[in-house]
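# Structure for the following, please:
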Amino acid sequence: MLFLAIFAVIAASAIADPETQSYSYSPPVGSGSGSSFSIIGEGRITAVRMWESFIGIQFCYGFTWSSVVGHRSGQLQEMELSDDEAIIQISGKASHYVQSVVIVTSKGRHLEAGQPSGTSFNIYPSHKDAELVFISGTNHGAMTSIAAHWSRVDTSATDTEH
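Purely as a prediction, here's the structure:
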């Protein structure tokens, strides 16, 4: 329910002024079976964690870590973002499950986890200066689909110093 409320607010603000429209949505990739999830937080994404076998993913918003989607399995991979860095692309491979994910930042850094098998996907924002604000999808033990929600983020009022 929270997901729908936040989605509605972001979408409404993007539609209100076409000159400053900044929200875009990358439709889900993967089979889509299982239960719905979203990883959402307040402010900007400041870090991401994935587990080597790509059974779990987690975002940090400011100083607060989200719940893990999936399971913590395999070696932890973690990347902290600098104050002027954002996630601008997610790529990977999917079949029934999302098999691998590569997260790319505006500074060209990347974090990857999983096994590269299945059909390739590459998702990114439609608007200049937009960044990943949250992901949604489906989960059945492991992630079965992933969708990305992109927008410009006002960083003037946030303190993300680690």
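# Might you list the low-confidence residue ranges for the chain?
1-21, 156-162 (pLDDT under 70).
# would you say residue 72 is within a helix?
No: read with DSSP: H, G, I helix; E, B strand; the rest coil, residue 72 is coil and lies in no helix.
# Next one: it from residue 55, what distance?
Residue 72 is 7 Å from residue 55, where distance means CB to CB, to the nearest Å. In this view, the C-beta of every residue, glycine as well, is placed from N, C-alpha and C.
# The two - which one has more neighbours?
Neighbours per residue, other CB atoms under 10 Å: of residue 72 and residue 55, the larger number sits with residue 55, 21 against 13.
# Show me what counts as buried in the helix or strand that contains residue 121.
Residue 121 belongs to strand 119-123 when elements are defined using DSSP states H and E. Under the neighbour-count criterion of 16 or more other CB atoms under 10 Å, strand 119-123 has 121, 123 buried.
# Which strands or helices does it pack on?
For strand 119-123, the packing partners by 3 or more CB pairs under 8 Å, 6 or more residues apart in numbering; DSSP states H and E come out as strand 24-30, strand 87-94.
# Buried deepest among the ones you listed, which one?
strand 87-94 (a mean of 21; mean count of other CB atoms under 10 Å).
# following that one, which helix or strand shows up next?
Next element after strand 87-94 (DSSP H and E): strand 98-105.
# got a list of contacts for that following strand?
29-30, 48, 50, 54, 57, 79, 81, 85-93, 110-118, 137, 142-146 (CB atoms under 8 Å, 6 or more residues apart in numbering).
# hang on, the earlier thing: could I get the helices and strands packed on strand 119-123 in JSON lines, plus columns for distance to residue 150?
As requested, the helices and strands packed on strand 119-123 are exported to JSON lines (distance: least, CB to CB, whole Å):
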{"stretch": "strand 24-30", "distance to residue 150": "5"}
{"stretch": "strand 87-94", "distance to residue 150": "8"}
